[in-house]
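1. build the 3D model from these lines:
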Amino acid sequence: MQKFIDPDYKDLHDPLLLPDIQAALKRLDLAIKNDETVGIFGDYDIDGLTAVALLHEAFTAFGLKSVAFIPDRFVDGYGMSKRGIDELHSQGVNLIVTVDCGSRSEKEVAYAKSLGIDTIVSDHHNIDEPLKNAVATINPKRNDSQYPFAQRAGAGVAFGLVQAMQTRFKGLTFDKAKWLLDLVALATISDVVDLRGENRILTIYGLKVFNQTKRPGLQALIKQAFGNNQRVIDETDIGFGLAPRLNAAGRLIGAETALKTLLCKEEAEAEKLAIKLNQLNASRRQEQRVIFKEASAKAAKFAEDRVLVLHAKNWSHGINGIVAAKLVETYSKPTFVMQDLDDGTTKGSARSISGFSLGQALKEVKRLLISGGGHELAAGATIKTTDVDEFREQLNDFYDRSVDSTKITSVWDKYDLQLTDFKDLNLELAEKIASLKPYGQGNPQPLFLFTNVKVVEHRPVGVDGDHAKLKLQDTKGTNIEAIGFRLSTQFAEHATGQVDLLAGLEKNEFNGRVNVQLVIKAVKPKL
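-> Below is the predicted model of the structure:
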């Protein structure tokens, strides 16, 4: 327990245990000696972008020149592509290092090899076997991996490669390498990987670096998200304030703006880039609201379905994944939100609930897939538009065959303790609970269940009025302040009555005032 609460950076595992790491180091050594330019093939989400920025900075310190290729979500889709390889080839690259992708790119790696380009795959996605045409396949999820921890984010695996390079090459000392941990923490939190084991160590130390970051881009983005208020940035600030702004570029116009923000060195440029990301995020929110409203109306027509498959021509697949996640929160059903394209295909993203694996579901309907795949809780798919109805029918059939409905849990089943009043909710308790942070996948925030709570005051807050600022009262007349993120509408419906709540307890500091507040996770009329 003490190691969990206060982990030691020295407890990170030996990076030389990563699979194929010696082959990778040998090829990188050759690149340094031959003064080669290395191509970094990334991804358009935060995990991929931070990994590109991390490797670029580390390679520079080790004396390696590098150029990056970031796929376009709408042109290339996810993963390595012929266009990207050709672009890097045109820049004189004969070694590619992938980050956050590549584990299923055997065809693309073979194509690169045909052009005389070697490939080192650095990735964290599920993998069947090492790529036979790659120089190295560095993925701790390989079946033959000896690395003790398999759950690092893509940027975490890239950092493992950097750690291994430190054992062999000069130029990046431990003191310099630690300044890369802000990127690792940003990726680990944003990619919703398990926040236990090594990821907890990397995130805790990464947040310490994040709050001292020397990156003008991150400093400017923090200012755009939170103003000039002095605050300690935590995982919630990253997940809800900074990550959406960085992701907005890739969802709307292409992710280069986000990458430039992470890498830029000048304050004036950083401010311009952060303002642009902020504007893109505002546009993303507006488009998301429209799609969510239309998708909710369609969901009502399929109220009996166990798996929702919703599609329309004007729903951008750059945003559909976020909408799918919000619909899962609303309906507690696996949900596909898809866009009908002009070429006769329908493409989109899916999110799921615990107990229904999207990855397995897509294997069951692979006959209908043009492309697709994913994890248990998130996936993507492209099918013929004419196959949508059959796709929906088969997914629901698979749900009926594979899911034990008695084992499906809701958010209301996931509390740690039921309390009848607020009297013991004090700063001391809040600080003790906070020792379990950072919260996330695998380490959820401890939650209390309260029943028969009176809503004394309610007002919408936030840029769009999406959040609820509250004063609550228990049955004994004790009041407490609370915040409900993205719950303003729900509290408006119950503002005059009594409710049941699921909530965490946190210390709140604002304008020099310190108090405890509940952070509401769910609300409904009293039982």
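
2. show me where the stretch 201-350 of the chain has its strands.
-> Using DSSP state E, counting those that start in this stretch, the strands of the stretch 201-350 of the chain run over 308-312, 335-340, 345-351.

3. which stretch among the ones you listed comes nearest Gln212?
-> Between Gln212 and these, the shortest separation by CB to CB is 34.3 Å, and it involves strand 345-351. C-beta: built from backbone N, CA, C; applies to glycine.

4. which one of the strands of the stretch 201-350 of the chain lies nearest to Leu17?
-> Here strand 345-351 is closest among those (CB to CB), at 33.3 Å.

5. C-terminal to the helix or strand bottoming out on mean pLDDT in the chain, what's the next element?
-> Least confident element among the helices and strands of the chain, by mean pLDDT, DSSP states H and E: helix 488-493 (a mean of 80). Going down the chain from helix 488-493, the next helix or strand is strand 498-510, by DSSP states H and E.

6. who does the helix or strand just after that following strand pair up with?
-> Note on strand 498-510: by DSSP H and E, the next helix or strand toward the C-terminus is strand 513-525. Here strand 513-525 has these sheet partners by DSSP bridges: strand 479-484 (parallel), strand 498-510 (antiparallel).

7. name the residues of strand 513-525 that are buried.
-> Judged by neighbour count (16 or more other CB atoms under 10 Å), strand 513-525 contains these buried residues: Val516, Gln517, Leu518, Val519, Ile520, Lys521, Ala522, Val523.

8. all helices of the stretch 101-250 of the chain, in order?
-> 106-114, 154-166, 174-177, 181-190, 197-210, 216-226, 235-237, 243-252 (DSSP state H, counting those that start in this stretch).

9. was I right about Leu242 contacting Ala185?
-> No. With contacts defined as CB atoms under 8 Å, Leu242 does not count as touching Ala185, sitting 10.9 Å away.

10. buried deepest among the strands of the stretch 201-350 of the chain, which one?
-> Comparing these by mean neighbour count (mean count of other CB atoms under 10 Å), strand 335-340 comes out on top with a mean of 25.

11. centre of the chain to it, how far?
-> Computed by CA atoms, centre = their mean, to the nearest Å, the separation of strand 335-340 from the middle of its chain amounts to 20 Å.

12. name the helices or strands packed onto that strand?
-> helix 267-301, strand 308-312, helix 320-331, strand 345-351 (3 or more CB pairs under 8 Å, 6 or more residues apart in numbering; DSSP states H and E).

13. average pLDDT across that strand?
-> For strand 335-340, mean pLDDT is 97.

14. list the contacts for Leu369?
-> Counting by CB atoms under 8 Å, 6 or more residues apart in numbering, Leu369 touches Leu362, Ala381, Thr382, Ile383.

15. flag every buried residue along stretch 310-320.
-> Neighbour-count burial for stretch 310-320 [16+ other CB under 10 Å]: Leu310, His311, Ala312, Trp315, Ser316, His317, Gly318, Ile319, Asn320.

16. now, the most widely separated pair of those?
-> Farthest apart among the buried residues of stretch 310-320 by CB to CB are Leu310 and Gly318. That separation is 16.2 Å.

17. contact partners of stretch 98-109?
-> By CB under 8 Å, 6+ apart, stretch 98-109 touches 40-43, 45, 47-48, 51-52, 54-55, 78-82, 85, 119-128, 131-134, 137, 139, 141, 153-155, 157-158, 373.

18. now the buried members of these.
-> Buried subset of the contacts of stretch 98-109 (neighbour count, 16+ other CB under 10 Å): 40-43, 45, 47-48, 51-52, 54-55, 78-81, 85, 119-125, 127, 131, 133-134, 137, 139, 141, 153-155, 157-158, 373.

19. let's see which of those residues end up in strands.
-> Ile40, Phe41, Thr119, Ile120, Val121, Ser122, Thr137, Gly373 (DSSP state E).

20. do I have it right that the third one meets Tyr111?
-> No. Between Thr119 and Tyr111 there is no contact under CB under 8 Å: 9.8 Å.

21. which of the ones in strands among the buried ones among the contacts of stretch 98-109 has the weakest pLDDT?
-> For those, the least confident entry is Gly373, with 76.

22. does Val388 touch Thr346 like I think?
-> Yes. With contact defined as CB under 8 Å, Val388 counts as touching Thr346 (5.7 Å).

23. what is in contact with the two at once?
-> With CB under 8 Å, 6+ apart, Val388 and Thr346 have common neighbours His311, Met338.

24. which among the strands paired with strand 513-525 is found nearest to Phe336?
-> strand 498-510 (27.2 Å).

25. and Leu427, how many neighbours?
-> By other CB atoms under 10 Å, the residues close to Leu427 number 13.

26. i'd like the first residue to be 649 from this point on
-> Fine by me, first position is 649 from now on; the one you just mentioned is Leu1075.

27. ok, now which ones touch it?
-> Taking CB under 8 Å, 6+ apart as the test, what Leu1075 contacts is Lys1155, Val1162, Asn1163, Val1164.

28. quick one: pLDDT of it?
-> 95.

29. swap in Arg752?
-> 87.

30. equivalent analysis for Ile775, please.
-> 86.

31. so who does it touch?
-> Counting by CB under 8 Å, 6+ apart, Ile775 touches Ser751, Arg752, Thr785, Asn787, Lys789, Arg790.
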